[in-house]
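Peer 1: The following comprises the amino acid sequence and a computationally predicted model.
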Amino acid sequence: MRMTNLLLPTEREAPADAEALSHILGVRAGLVRQLGAGLWTWLPAGWRVHQNVVQIIREEIDAIGGQELLMPVIHPRELWRRTGRDQIDELFKLQDRRGSELVLAMTHEEAVTFHVSQIVRSYRELPMILYHFQTKGRDEPRPRAGVLRTREFIMKDSYSFDRDPAGLDESYAKHELAYDRIFDRTGLEWYKVDSDVGMMGGTGAHEYMAPCPAGENDVALAPGYAANVEIASAEPQPVAMPAPRSAPEEIATPGMTTIEAVAAHLGVPAGALLKAYPVVKDDGAMTLVVLRGDHRVNDIKLTNHLGQGFRPAQEDEIAERIGPAGYIGPVGSQLQVLLDAAIADHPSGGFVAGANRPDMHLEGVEPGRDFAFERADVRRVEEGDTVGGHAIRIEPAIEVGNIFKLGTRYSEPLGATYLDEQGAEQLIWMGSYGIGPARIAAAAIEQYADEKGISWPRALAPWQVHLVGLGKDGTPERDAAEVLYAELQGAGIDVVYDDRQTGPGEKFAEAELLGCPLRLTVGRRTLEDGLVEAQGRRGRTELRAVPLREGAAQAVDALLREQP
RNA sequence: CGGGGCGUGGCGCAGCCUGGUAGCGCACCUGCUUUGGGAGCAGGGGGUCGCCGGUUCAAAUCCGGCCGCCCCGACCA
């Protein structure tokens, strides 16, 4: 591609409203442009990157037997009503001119299951993997960070159909294999984490995460352990507990309604306090969640444990049912007590808790002896907690893919069944597996950018070679660049050729901004020796010059193979 | 949905408080010079100042309403 024929609107300055690095560089390098909030156009160079990701995914899903097809973006709302998902806030709803109810698909479980329910009749047709690359619509409450969280984006989603749970496990394992290969091939730094099954329902799930500063998820990591903090569990850091007592004793704590104030007043660590967090469940019952004073509740883990949603109790409800806010505790409470595992697993008779009376706390509280409880792991893990003896660290990451065991969540409401060998009707067991190519591209920008711009992994780069021709039209160096350009193209190497009539500084700066792995420079300096300069983008390494005529393409190809 | 900020040529901004000529840098066009790190000189084109209404002789500027966009939080199959 000649740059004189390429729509590559680079910018010297960052757009005023951009914050995330992938947003700034994506716009500055001319890869993407914004149309509206969370609505992005992929310009030619950016689209090449996107297509590179798509092709890697296609090859690896094909390799596990996936069959590519294409399903519509607009669906009849009735289909979504059947699975109960038409009430999701993020679902775009619309009507046609006759008033028919439609939705913009946010995923394609309904559509693919609808077809399979009509087409598949026999166990002989299973297992099966279907997939497509299709635009998804999501009425996001807050699109952000450029291409990272948008209202419309392309997703690869595949769906597996099996006879039974064992078959699903196999299809799931195939996808794990394919995904591991895909993310390895992209050149990203990535890891696979245990994840929450969320409102999709289902029996098991993993997320593929790419660490990057603009990431929206926090991931807990230790050697041999990786989990989304939404579900992460870890051994708490120890607390120097006060001496136990044979029975709780009241102590005056006037005006001290915070953990910090009570701990400071009594001279004990915050972790020696029992933090009482009353919640009202969706069924209306109130539960007292008790955590260590230095810990925080994890809403998702608590929801999963309760098996239903909840909200924090209001102050008047607390006053009526338990005691004065700031002084409540589990001792003497009539409520069901959920005791966090960090406390339950480390028994002590030295805890401090609210006394359920104004300005009073209790010292020497012992769970079990002084109050009954149900154990539950519902806290958010903290940096420094341990898993298998190793301290965990928590870092931001962006979710670039997920794999999910759906079970019969969709086959049941949509009637996707088959006849088994005995002629009995059975539900099909399903899995769904998503990847966001745009997020992979954005994560690659974030992970590898330097002060000069983007530095693509070779597999994603819009072009493998950025050929810079110095001098103006008609000079020997430009003639030589033309010859080299033709030769590289002839050898099947993806090359973008800067044939513009601009100064060398601008050409070099834009080459580094765009971030192709290998830059070749044809200039007077080395031309007289019949050589072309080669520089690797990653680390801006100076590489040996390559001969211009004899075997130039082979030499360039060899250099490319050395690039990351 | 709560909090904060911003809408002025393609991009980045000033002007608004104190009403009266729309301005700067980059980019763009023409010519000449320049060509190994975002060049120089000269000339030139381009903006209903987000939209609607109000006040006024006069509104980018003051007042009211609306829309759009960004950031933090809530939310996020």
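Peer 2: Nice, I can see it. Residues are numbered from 1 along each chain as shown, chains lettered A, B, ... in the order given.

Peer 1: Chain neighbours aside, what residue packs nearest to the spatially most central residue of chain A?
Peer 2: Centroid-nearest residue in chain A, with CA atoms, centre = their mean: A:E399, separated by 0.9 Å. Nearest non-adjacent residue to A:E399, counting by CB to CB, 6 or more residues apart in numbering: A:E207, 5.2 Å away. (Each C-beta comes from the backbone N, C-alpha and C, glycine too.)

Peer 1: Just the buried residues of the lengthiest helix in chain A, please?
Peer 2: Using DSSP state H, we find that the single longest helix of chain A is helix A:165-186. Neighbour counts over helix A:165-186 (16 or more other CB atoms under 10 Å) mark A:167-169, A:171-172, A:174-176, A:178-179, A:181-183, A:185-186 as buried.

Peer 1: Verify the assumption that the residue nearest to the centre of chain A is located in a helix.
Peer 2: No. Secondary structure of A:E399 (DSSP: H, G, I helix; E, B strand; the rest coil): strand, not part of a helix.

Peer 1: residues contacting it?
Peer 2: A:207-209, A:216-217, A:436, A:439 (CB atoms under 8 Å, 6 or more residues apart in numbering).

Peer 1: swap in A:I57?
Peer 2: A:133, A:156, A:182, A:435, A:437.

Peer 1: quick one: which of those is most hemmed in?
Peer 2: Within these, neighbour counts (other CB atoms under 10 Å) peak at A:I435, which reaches 30 neighbours.

Peer 1: Does that residue touch A:I154 like I think?
Peer 2: No. Applying CB atoms under 8 Å as the test, A:I435 and A:I154 come out as separate, 9.9 Å apart.

Peer 1: quick one: what helix or strand has A:R311 in it?
Peer 2: Assigning secondary structure by DSSP states H and E places A:R311 in strand A:310-312.

Peer 1: by contact count, what packs against that strand?
Peer 2: Secondary-structure packing of strand A:310-312 (3 or more CB pairs under 8 Å, 6 or more residues apart in numbering; DSSP states H and E): strand A:274-281.

Peer 1: quick one: contacts of the strand it packs on?
Peer 2: In contact with strand A:274-281 (CB under 8 Å, 6+ apart) are residues A:259, A:286-293, A:295, A:297, A:302, A:306, A:308-313, A:317-318, A:321-322, A:328-330, A:335, A:343, A:351-354, A:365.

Peer 1: from those residues, which ones fall inside helices?
Peer 2: Checked against DSSP H, the contacts of strand A:274-281 include these in helices: A:259, A:302, A:306, A:317-318, A:321, A:343.

Peer 1: anything in the longest helix of chain A near RNA strand B?
Peer 2: No. Judged by CB under 7 Å from any atom of the strand, helix A:165-186 and RNA strand B are separated, with a smallest distance of 13.4 Å.

Peer 1: Next one, pLDDT for A:E477 please.
Peer 2: A:E477 carries a pLDDT score of 87 in this model.

Peer 1: List the buried residues of the strand or helix carrying it.
Peer 2: Using DSSP H and E, A:E477 falls within helix A:476-490. Buried residues in helix A:476-490, counted by 16+ other CB under 10 Å: A:477-478, A:480-482, A:484-485, A:487-489.

Peer 1: Could you point out the helix or strand that follows it?
Peer 2: Next along the chain from helix A:476-490, counting by DSSP H and E, comes strand A:495-498.

Peer 1: Mind splitting chain A into its structural domains?
Peer 2: Domain segmentation of chain A under automatic domain parsing yields A:3-232+A:395-445, A:249-376, A:465-562.

Peer 1: what's the span of the first one, first residue to last?
Peer 2: Right, the one you point to is domain A:3-232+A:395-445. 22 Å (CA to CA, to the nearest Å).

Peer 1: Where helices are concerned, which of the contacts of A:I57 count?
Peer 2: A:182, A:437.

Peer 1: Adjacent strands (with direction) for whichever strand or helix holds A:L102?
Peer 2: Assigned by DSSP H and E, A:L102 belongs to strand A:101-104. The strands that strand A:101-104 pairs with in its sheet are strand A:74-76 (antiparallel), strand A:92-95 (antiparallel) (by DSSP bridges).

Peer 1: Buried residues, it. List them.
Peer 2: A:102-104.

Peer 1: picking that back up, so which elements touch the longest helix of chain A?
Peer 2: helix A:44-63, strand A:152-162, strand A:191-194, strand A:204-211, strand A:393-407, strand A:429-435.

Peer 1: Out of these, which is the most enclosed?
Peer 2: Neighbour counts (mean count of other CB atoms under 10 Å) averaged over each of those peak at strand A:429-435, with a mean of 26.

Peer 1: Determine the set of other helices and strands touching that one.
Peer 2: On the basis of 3+ CB pairs under 8 Å, 6+ apart, strand A:429-435 makes packing contacts with helix A:109-119, strand A:152-162, helix A:165-186, strand A:393-407.

Peer 1: May I see the buried residues of whichever helix or strand comes after the last one?
Peer 2: Read in the C-terminal direction, the helix or strand following strand A:393-407 is strand A:417-419, with elements assigned using DSSP H and E. For strand A:417-419, the neighbour count (16+ other CB under 10 Å) marks A:417-418 as buried.

Peer 1: ok, now stretch A:67-77?
Peer 2: A:71, A:73, A:75, A:77.

Peer 1: does RNA strand B sit close to stretch A:133-148?
Peer 2: Yes. Using CB under 7 Å from any atom of the strand, stretch A:133-148 reaches RNA strand B at A:136, A:138, A:140-145.

Peer 1: how about that stretch: buried residues?
Peer 2: A:133-134, A:136-138, A:143, A:145-148.

Peer 1: Residue in the stretch 301-450 of chain A with the shortest distance to RNA strand B?
Peer 2: A:G434 (4.0 Å; CB to the nearest atom of the strand).

Peer 1: err, the stretch 251-400 of chain A, not the other one
Peer 2: For the stretch 251-400 of chain A, CB to the nearest atom of the strand, closest residue to RNA strand B: A:D299, 6.2 Å.

Peer 1: check contacts around that residue.
Peer 2: No contacts exist for A:D299 under CB under 8 Å, 6+ apart.

Peer 1: didn't the residue nearest to A:E399 look like it was pressed against A:Y433?
Peer 2: No. Applying CB under 8 Å as the test, A:E207 and A:Y433 come out as separate, 11.3 Å apart.

Peer 1: residues shared between the contacts of those two?
Peer 2: A:401-402.

Peer 1: re the thing from before, ok, is the strand holding A:L102 in contact with RNA strand B or not?
Peer 2: No. Residues of strand A:101-104 contacting RNA strand B under CB under 7 Å from any atom of the strand: none, with a closest distance of 12.8 Å.

Peer 1: So what's the residue count around A:E19?
Peer 2: When neighbours are counted by other CB under 10 Å, A:E19 comes out with 12.

Peer 1: related to what we said a few turns ago, I'd like the helices and strands packed on strand A:429-435 as a markdown table, with mean pLDDT appended.
Peer 2: Converted to a markdown table, these look like this (pLDDT from 0 to 100):
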| stretch | mean pLDDT |
| --- | --- |
| helix A:109-119 | 92 |
| strand A:152-162 | 94 |
| helix A:165-186 | 94 |
| strand A:393-407 | 89 |
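
Peer 1: Tabulate these (TSV), appending distance to A:P236.
Peer 2: Below are the helices and strands packed on strand A:429-435 laid out as TSV (distance: least, CB to CB, whole Å):
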stretch	distance to A:P236
helix A:109-119	38
strand A:152-162	38
helix A:165-186	31
strand A:393-407	14
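
Peer 1: tell me the contacts of the nearest residue to A:L94 once chain neighbours are set aside?
Peer 2: Leaving aside its sequence neighbours, A:L94 sits nearest to A:L102 (CB to CB, 6+ apart; 5.1 Å). By CB under 8 Å, 6+ apart, the contact set of A:L102 is A:74-77, A:93-96.
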